[in-house]
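J.: Build me a model from this:
(chains A, B, C and D, ligands or ions: 4)
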Amino acid sequence: MTRYLLKRLGLAVVTLWLLSVIVFFAGQVVPGDPGRAILGNLADPRAVRALDHQLGVDRPLLTQYWSWITGLLHGNMGESYQYRSAVEPYVQAALVNSVKLAALAFVIVVPLGILGGVLAALRYGRATDRVISVVGLSAATVPEFVSGIVVIIIFAVSLKWLPVSASAGTGASALTQLDHLILPAIPLVFILFGYIARMARAGTIEALDSDYTRTATLKGLKPSVVIRRHVLRNALLPTITVIATQTGYLIGGLVVVETLFNYQGIGNLIYKAAQAKDFPMLEAGVLTIGVVYMVATLIADALSTALNPRLRLGTGG
Amino acid sequence: SSGSPSSSGSSSAAAGKPGATIKAAIIVPSGAINPVTVADQGGLDMLGQTGEYLCLSDQHLSLRPVLATSWTPNTKADVWTFKIRQGVTFHNGHPLTADDVVYTYKLHTNPKNGSSALSAFGGVLTPSGVKKVDDSTVEFHLAAPNGHFPYLTSSDNYNMIILPNGYDPAKWQSTFVGTGPFVLKTYTAKQGATFSRNEKYWGTKALPAATEFTFYDQQTPQILALTGGTVDVVGQFSVAGGQQLLNGSYNVIRLKSSAHRELSMRTDQSPFTDARVRQAVALSLNRPAIVHALFKGYADLGNESPFAPVFPSTNTTVAQRAQNIAKAKSLLSAAGHPSGFSTQLIGNDVQEIGEYAQIVAQAAKAIGVNINVKMEASSAYYGKATFGNSDWLDATMSLVDYGHRSVPNVFLTAPLETINAKAGTGPWNAAHFSNSQYDKLAQQYVAAIDLSSQKQIAGQIETLLLNETPIIFGYFYNYLSATAKNVTGAYPTAIGHIFLNQAAKS
Amino acid sequence: MTATDASATPAGRGGAEPTLSVGHMDVVYKVRGRDRLALRDVSFEVGRRESYGLVGESGSGKSTVALALTRYLPRNGRVSAGTVSINGADPLAMSGTDLRHLRARTVSMVYQEPGKALNPSIRVGRQVAEVYEVAGLHRAEAAERAEAMLRKVQIADPGRVMGRYAHQLSGGMAQRVVIAMALAAEPALLILDEPTTALDATVEAEVLDLVSALRAEFDTSVLFISHNLAVIAKMCDRVGVLYAGELVEEGPAREVFEDPRHPYTVGLLRCIPRRGQRKDHGRLDTIPGFLPPAGHTLSGCVFAPRCLLAEDRCREAPPPSYQIAAARTSRCYRHDVAPSLPRATPEDKPLPGPPASAETLVQLAGLSKTFGARGSRGSRGEQVHALTGVDLELERGETLGLVGESGSGKTTLAWVLLGLLPPDPGATVELAGQPLAADVRRRPRSQLRALQIVFQNPDSALNRRHTVRRLISRPLARLAGLSGERLRARLAELITSVRLEDRHLAMRPNQLSGGLKQRVAIARAFGSGPAVVVCDEPTSALDVSVQAAILNLLADLQADEQVSYLFISHDLGVVRYLSDRIAVLYLGKVMEVGPAERVFSGPHHPYTEALLSAVPSLDGQRADRIKLSGEIPSATNLPTGCVFHTRCPRRLPSGICESEEPPLREVEPGHRMSCHIPLDELQNLQRAGQPT
Amino acid sequence: MTDIVVAPAAGVAVARPDQTGELTPWRLLLRRPTFLAGAVILLFWLACAIFGSLIAPHNPLAQQLLLTNQAPSGAHWFGTDQLGRDVLSRVIVGARSILLIAFAATVLSTVLGTALGLVMGYLGGVVDIVAGRLVEAALALPVVIVAFLFIVAVGPSPLTIIVVIGLVFTLLIARTVRSTVLVESQLDYLAAARLLGEKSVSIMFSEVLPNVVPAILVEFTVRLGYAIFTVATLSFLGFGVQPPTPDWGADIAHNYVTLGAGYWWMTLFPALAIASLVIAINLFTDSIEQVLAS
Ligand SMILES: Nc1ncnc2c1ncn2[C@@H]1O[C@H](COP(=O)(O)OP(=O)(O)OP(=O)(O)O)[C@@H](O)[C@H]1O
Ligand SMILES: Nc1ncnc2c1ncn2[C@@H]1O[C@H](COP(=O)(O)OP(=O)(O)OP(=O)(O)O)[C@@H](O)[C@H]1O
Ligand SMILES: [Mg+2]
Ligand SMILES: [Mg+2]
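T.: Residues are numbered from 1 along each chain as shown, chains lettered A, B, ... in the order given. Ligands and ions are numbered 1, 2, ... in the order given. Below you'll find the predicted structure:
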């Protein structure tokens, strides 16, 4: 097990490194330079040069990358070009925000998606099933900005039930924050609902068709017991993994929602950092998402291992 | 407009009670709040909350004394003497003296410090020209005569808040140290800032007990925040996204400004080498319709020169150019393009410029000119911002945004003077316009001190540019701010500040 | 003789009401928007304490019967006509609650894959206890009863087993647990649907014994479903033969198998190699033609298209059920002449025995194969010793049978020989004296031509996207180097020799039946003109009627082409029929190798002895079984000494078996054995019968 | 050799559907209302993409600067936008850019992804490890961010979008193909091919590929849905086609600021267009998957 974990960890590190290289060099070909991004489009070239020098971005590329990566190895993620201070607090704040939003979306969508998927499976082939499947699939592929706009028009503009901005302002109470986060969570819920429902449906159908469900039914157990004890437990195992891998997407894929709802999350942070060529910030953001994704998949693995006796106990016997 | 930002303001019509907490929505500062590097609206707004300038360029573009009590030029207008206000202390207790002013001005004019104000001082002031005379007097020795120099010391040149002598500007964002009517309570990058009344303020104490600024990435949520009652004030909004604020339910503060778009045509590249071609394009535009479509009337017509109606020196006797398709076509024919031609327009994709570009392209089609529009993000568009390395400066047709200035000097020189790398003139001359008569007139205008001679030169420039039309100045749009109906006394300036010291809520 | 309605006259069961009675039942499956008849007019009864066998080839509808009785048909299936009564109650018309009670108390079911029948994420003890909980017992009490029940099914340490999960049990153990679960409710009717098909012969024998014993103890009626006639013969009092959804013959098991009165039953019995039957004695008979397509609508007898006795009336109207004798029925107009059904395959075709001149073609020496553990997760670099020190040789034109329980390394051996798996270093693998490269990609064309294989599962072995033409032409073009007219000629010859027709050439595998597919695979293997063909269980995925034809075909081809076979099978009857020599593998080691007759007749290795005695035979009589105690050890952790000692009933008291590995000694000419017991001693022991 | 003496009806192999009166997959598809609905909507948008300018009631580029922001009316069924252009015409003509770009990107990624997936799944080794890392990296980052970086670097153009989405989806498709190939690798026909001395490349493309085609087709339709999603999102973020070309995502981006002023039509109709297209593709895909599964 430890060997396996070490191997996974090694691969994860390689992936992250690859990610950092890609981002760094992709970021370099982006036109413009950090100094000008800070001082404005019409800034005096001498000022731009001076600032670039202060930032160290006039050094050769490899030197820049090297000093960044050695800094990273010493636990120093670098200093933001734009904000001229360590990037950690920014990334951390953005991550916390994103996690809040994602967590809310999850809290709503996980039960909903599982319920929908299980319901669809129990009504396999009937109208309920088709509706849930098609709605789920469509919700998952209608862009967030489309569904986001629709919910804004309905709930914020017309009905005025909920605030339109995701950030509640500094020091707002948890309840107020929740109030602000509900609308932005909805497009995410739409996107994820399809995924989760689909997996839950497939898992449930498989479990329903399985021999062990037949065994349980033919024992004379009540249908509710069969479903609860025998079907769901096995059906939802693969769903857990899917949910966890979606965490990665969710944390990172918030760009559009965060833009639409003016929310200072990690997606927004990366997007802005890329625009401003704020390389340390960009790298930190991207790597954070990478780490979150890997941790999420690792947790998913661990979770499904823990819940699945087949994996937990090996195949010995 | 109403209210007044400074002690010298008198006509405060504040109906509301003092002691309120005013909440404002502004655009998020794009970087560190460092007086040296700030170059965006959110940042300059923050500087102005606690910092103060030598003087304030008010809503009518006249200068009011703030930390300077007076300023006088010598006869050539190349040495300006400023008297510094006495009895002022910084929020950290440090008393204000001429040393602080000298420190601040040397800081920004020294190229090594990479100040974003450097371009404004270019060709005007160098560190060696900043001289302390005594504790309350500072002299500025300019590189060339400049009748409008005090504007460079005003809120217009937004980086120039006075810092305590020796203060490290990189640390400013943790203290917001200044001399202004508010002191910093909290600042959270990318989220917002709160301020409280400076009880030791040297002038009229601020009315609000506190102010709260929330930063927004975009305009829409700001407007929704105002309509939803989350904030009292929206620092700035555009007509396109803010029409719902214009229905009378909100106080809209409308300031005429000199902000505009310059549509330059390469006067050194066929077919725009011929002034008739440039005129033809300009004649294809229906400016009143454009102003209606893009600004619902909240803009003034432009007439191919930077002399916006808001400038006192603008000569209004020069006739406004109007759409004339027939004339445009005949000019094209005369220039040898009877069936038109094709060309490309590259624009900076911000605000309404994309729409404007499309309108221009559609209008040009009517005279047979086929314009292929390409909109670019700022980084790609400006590139290195030098000739040969910038779509902005190199494109055949280029459409760029210029923010508000209280005097037209920069507009007259940087984009229109003959390019001369050594002398540093014409650095933003995207039209590659070169006209010695114009260069002379521009120099004369800059040096002129009195309004009547300015007006006279302005008339000549306007006529010249109308004939040459290197750049189409289509419109000068208004600067709009809004507050809730119960809020009075918010004082925006067209450069982007919103001063709340006289704001009140009822 | 008069046609009677079977259900109207309960087949001689007089008196007590039967436990199960099925009357004129039709079942349809809706497929692609159309109803497809899977069972037609099926009627039978199972009396109190009776054991009734339902036998039929794949797809005949056996499982459908079982599922219909328990009202657990797939979503697209439904009983469209007929009646069912279990203990007087009709499961088809019951309310949900009644049905639940029926399932909980009256009827239980055991089916093919025991591993899958258990919930993978609930401990097995809990699953057994559930049955008692349904009956209203408390959890603790239910667990106690479950443990007692597990003890009844002869699970050694029930307390520990209860705490395990399904995947930690071997197939045999799992099936015991399932049987325990089924009997826990003391049902009136126990339905077993192929309960041993997925198990090894040795395990099968144990499970069958267990079922017999428990049936007696619990007084349960049994509906036993299997495709294996011998198993039915062993287990059942009465038997019904199902063909294409119809019950064609019914009667006491022994009578039906001894004196079948339906041409299908007759044909089926002739397909099976009887004890001692060998390819050089005579060929197997076959049933010509194919099963009618699913959802067929034949106007007459379902079997008529394949029946060599069929007359016009057979094709016009379905025959009624004829009462032949007391308790015997047959749905055949010509039941009286059925036993004289003409052979479909001439018996007299001369088949050569092993060639006179012995020339060693393949030589394997010191062959070992160790796998790194499958899937690295969770295991600590365990190694699977699939083969250890195997020495074998294959002569030109002979058939070497390779037998052994599942996991004994048969397939691994074949793949190493073919170059699909590299052996551990140090092995000798030679073809006609030339060393073979470990990797098939590095073997020259001549060696590729010489070695080919027929896989077990033709569905997996044939690329389903390719046409038969392409599948068979490929080796001709690539290996035999043919093209153009010569390729076409050889192709025509090949398909004729495997009894395919021209029109099959354009088809793809999914348009062919299992037997036809296997013929295509055989044609492909023979296309290159091989010297050795490995047959890895080539018939175990096929029905007996098809198996016979394939076995005949293999024998014919060998006679024609002088190829050698490495013939792998776990069906000893089949191996015996085809092989000249036999090698017995156990845990990757050769236990015994010798001429087929010697290995079968004995004296043989104790393991061979156990294997042989585990096989049920059609006549229902068999020698006393040699019981193998315990589970087959894991190949990751081989026992010391003789690998078989942990299960050997003839283990020597001296302890030598535990400590010292017996060499593979030549005990008589051409007969080698790996056992510490001398041959004559073995002979005495084995004459005396079962050890105590 | 004639050992089948009498072989009555030896003909019948396995029934083909038409012999048993069962429906062919194609007819089954046509019987599904969801498929028909999806197909009709999809065909409608395809027609718009191809003949858009013929169908559109107005020139989608024609501005009426004095008639901007008109609510839907008889003259302009979907109203006019901020430059007084006919929204209906823009929606109709706007189908072209999104369909073209999404389709091209999907085709590109399917071709490359299939090749890569085959290599990863069949050959394994270094390619599998390296590409596997890339897939992980691509999965860890939102497509929009990746696309953004590249687009800003290379400059926004339809071609850039096609290439960027194409490359990112290549990795995702490769992953699916790889796992399908791994399942196929368990099958004996590959061993049989090796025994015939077939080369790896030939095994990959003529043995394995035909068998993963169904999976690839399903993947293609699913990816097409996501490509539309992504293209629309990128247009919304400002990386799509250049103005004034009608484009749903870009039109939404340009107009959604006016929502607050109550000008919902210029945003809603393109949004509905995107939603309907995506849903149509899903109905379509879902039906195909259902029929293949039955
Ligand atoms: N769910 C289903 N849908 C359609 N046809 C089915 C279904 N289940 C079984 N069939 C068909 O019904 C017929 C009988 O199947 P059944 O499983 O009862 O046969 P069986 O005798 O148990 O076969 P086997 O020995 O392979 O288990 C076959 O032709 C089979 O293809
Ligand atoms: N690729 C592999 N990796 C690890 N272990 C393997 C692999 N292939 C086979 N084994 C193990 O090697 C042993 C021999 O397997 P093999 O398939 O050769 O047995 P077999 O006699 O053919 O069995 P069966 O009758 O079930 O086909 C088994 O323990 C099996 O689990
Ligand atoms: Mg069955
Ligand atoms: Mg095997």
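
J.: can we go C-alpha only for contacts and neighbour counts from here?
T.: Will do.

J.: Residue A:306: neighbouring residues, count only.
T.: If you count neighbours by other C-alpha atoms under 10 Å in any protein chain shown, residue A:306 ends up with 13.

J.: what packs against whatever helix or strand it lives in?
T.: Using DSSP states H and E, residue A:306 maps to helix A:279-307. If contacts are counted by 3 or more C-alpha pairs under 8 Å, 6 or more residues apart in numbering or on different chains; DSSP states H and E, helix A:279-307 sits against helix A:2-29, helix A:88-122, helix A:233-252, helix A:266-275, helix A:309-312, helix D:125-140.

J.: how much does the first one deviate in direction from helix A:279-307?
T.: I take that to be helix A:2-29. Computed with axes from the mean of the first three to the mean of the last three C-alpha atoms, to 10 degrees, the direction of helix A:2-29 lies at 150 degrees from that of helix A:279-307.

J.: Repeat that for the longest one.
T.: Put simply, helix A:88-122 runs at 40 degrees to helix A:279-307, going by the same axes, to 10 degrees.

J.: Tell me which residues of helix A:88-122 come out buried.
T.: By 16 or more other C-alpha atoms under 10 Å in any protein chain shown, the buried positions in helix A:88-122 come out as A:88, A:90-92, A:94-95, A:97-106, A:108-110, A:112-122.

J.: likewise the first one?
T.: Buried positions in helix A:2-29, judged by neighbour count with 16+ other C-alpha under 10 Å: A:11-12, A:14-20, A:22-24, A:26-28.

J.: That helix and chain B in contact?
T.: No. For helix A:2-29, no contact with chain B is found by C-alpha under 8 Å from any C-alpha of the partner chain; the gap never falls below 10.8 Å.

J.: near chain D at all, that helix?
T.: Yes. Using C-alpha under 8 Å from any C-alpha, helix A:2-29 reaches chain D at A:11, A:14, A:15, A:16, A:18, A:19, A:23, A:26, A:27, A:29.

J.: for that helix, packing partners?
T.: Applying 3+ C-alpha pairs under 8 Å, 6+ apart, one finds that helix A:2-29 makes contact with helix A:279-307, helix D:125-140, helix D:143-154.

J.: would JSON lines of these with mean pLDDT be doable?
T.: Formatted as JSON lines, those follow (pLDDT from 0 to 100):
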{"stretch": "helix A:279-307", "mean pLDDT": "82"}
{"stretch": "helix D:125-140", "mean pLDDT": "79"}
{"stretch": "helix D:143-154", "mean pLDDT": "74"}
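
J.: and of the ones you listed, who's closest to residue D:73?
T.: Residue D:73 lies closest to helix D:143-154 among the helices and strands packed on helix A:2-29, at 36.8 Å (C-alpha to C-alpha).

J.: just how off-centre is that closest one within its chain?
T.: The chain centre lies 20 Å from the centre of helix D:143-154; the measure is C-alpha atoms, centre = their mean, to the nearest Å.

J.: Can you give the contact residues for it?
T.: The contact list for helix D:143-154 (C-alpha atoms under 8 Å, 6 or more residues apart in numbering or on different chains) reads A:23, A:26-27, A:29-31, A:253, A:255, A:270-271, A:274, B:380, D:138, D:157, D:160-161, D:164-165, D:168, D:230, D:233-234, D:239.

J.: Point me to the residue of the stretch 151-294 of chain D nearest ligand 2.
T.: The minimum distance from the stretch 151-294 of chain D to ligand 2, using C-alpha to the nearest ligand atom, falls at residue D:186 (10.1 Å).

J.: returning to what we had before: name the stretch from the helices and strands packed on helix A:279-307 that approaches residue C:665 most closely.
T.: helix A:309-312 (42.5 Å).

J.: Save the helices and strands packed on helix A:2-29 as a markdown table, and put in distance to residue C:313 too.
T.: A markdown table is the format used below for these (distance: least, C-alpha to C-alpha, whole Å):
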| stretch | distance to residue C:313 |
| --- | --- |
| helix A:279-307 | 63 |
| helix D:125-140 | 65 |
| helix D:143-154 | 71 |
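
J.: and the helix holding residue A:306, which residues are buried?
T.: The neighbour-count check on helix A:279-307 (16+ other C-alpha under 10 Å) flags A:279-305, A:307 as buried.

J.: before we move on, the earlier item: just flag the most distant two among the buried residues of helix A:2-29.
T.: The two members of the buried residues of helix A:2-29 with the most space between them (C-alpha to C-alpha) are A:11 and A:28, at 25.7 Å.

J.: So what's the gap between stretch A:182-191 and the chain middle?
T.: How far stretch A:182-191 lies from its chain's middle: 13 Å, per C-alpha atoms, centre = their mean.

J.: Run through who's touching it.
T.: By C-alpha under 8 Å, 6+ apart, the residues outside stretch A:182-191 that reach it are A:101-102, A:104-106, A:108-109, A:136, A:139-142, A:144-145, A:147-148, A:151-152, A:155, A:162-164, A:166, A:250, A:257-258, A:261.

J.: Let's see that with 7 Å instead.
T.: Identification of contacts with stretch A:182-191 by C-alpha atoms under 7 Å, 6 or more residues apart in numbering or on different chains yields A:101, A:104-105, A:109, A:139-141, A:144, A:147-148, A:151, A:166, A:257, A:261.

J.: give me every residue that touches the nearest residue to residue A:266 once chain neighbours are set aside.
T.: Excluding its sequence neighbours, the residue lying closest to residue A:266 (C-alpha to C-alpha, 6 or more residues apart in numbering or on different chains) is residue A:94, at 4.7 Å. Taking C-alpha under 7 Å, 6+ apart, we find residue A:94 in contact with A:264, A:265, A:266, A:269.

J.: from those, which is closest to residue D:173?
T.: Residue D:173 lies nearest to residue A:266 out of the contacts of residue A:94, by C-alpha to C-alpha, at 26.8 Å.

J.: got a list of what that closest one touches?
T.: Neighbour list for residue A:266: A:91, A:94, A:95, A:98, A:252, A:285 [criterion: C-alpha under 7 Å, 6+ apart].

J.: what about 10 Å?
T.: A:90-99, A:251-255, A:258, A:272, A:282, A:284-286, A:288-289 (C-alpha atoms under 10 Å, 6 or more residues apart in numbering or on different chains).

J.: quick one: residue B:375 is in a strand?
T.: Yes. Residue B:375: assigned to a strand according to DSSP: H, G, I helix; E, B strand; the rest coil.

J.: Can you tell me the closest non-neighbouring residue to it?
T.: If the residues on either side of it in the chain are set aside, residue B:375 comes closest to residue B:347, at 4.7 Å by C-alpha to C-alpha, 6+ apart.

J.: from memory the one you found sits against residue B:371, does it?
T.: No. Between residue B:347 and residue B:371 there is no contact under C-alpha atoms under 10 Å: 12.0 Å.

J.: If you count surrounding residues, which of the two has more?
T.: residue B:347 (27 against 21).

J.: got the buried residues for whatever helix or strand that one lives in?
T.: Residue B:347 belongs to strand B:341-348 when elements are defined using DSSP H and E. Within strand B:341-348, the residues that count as buried by 16+ other C-alpha under 10 Å are B:343, B:345, B:346, B:347, B:348.

J.: Note down every partner strand of that strand and its orientation.
T.: Next to strand B:341-348 in the sheet, as set by DSSP bridges, lie strand B:369-376 (parallel), strand B:397-402 (parallel).

J.: Among those, which comes closest to residue C:490?
T.: Across those, closest to residue C:490 is strand B:369-376 (C-alpha to C-alpha), at 67.7 Å.

J.: Mind checking the pLDDT average for the closest one?
T.: Averaging pLDDT along strand B:369-376 gives 92.

J.: Extract the CA atoms of it and return them as CSV.
T.: The C-alpha coordinates for strand B:369-376 follow below in CSV (Å, rounded to 0.1, in the frame of the first residue of the first chain):
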residue,chain,number,x,y,z
VAL,B,369,-14.5,51.3,-48.1
ASN,B,370,-14.3,47.8,-46.7
ILE,B,371,-12.9,47.7,-43.2
ASN,B,372,-12.0,44.4,-41.7
VAL,B,373,-12.2,44.8,-37.9
LYS,B,374,-9.8,43.0,-35.5
MET,B,375,-10.2,43.6,-31.8
GLU,B,376,-7.4,42.7,-29.5
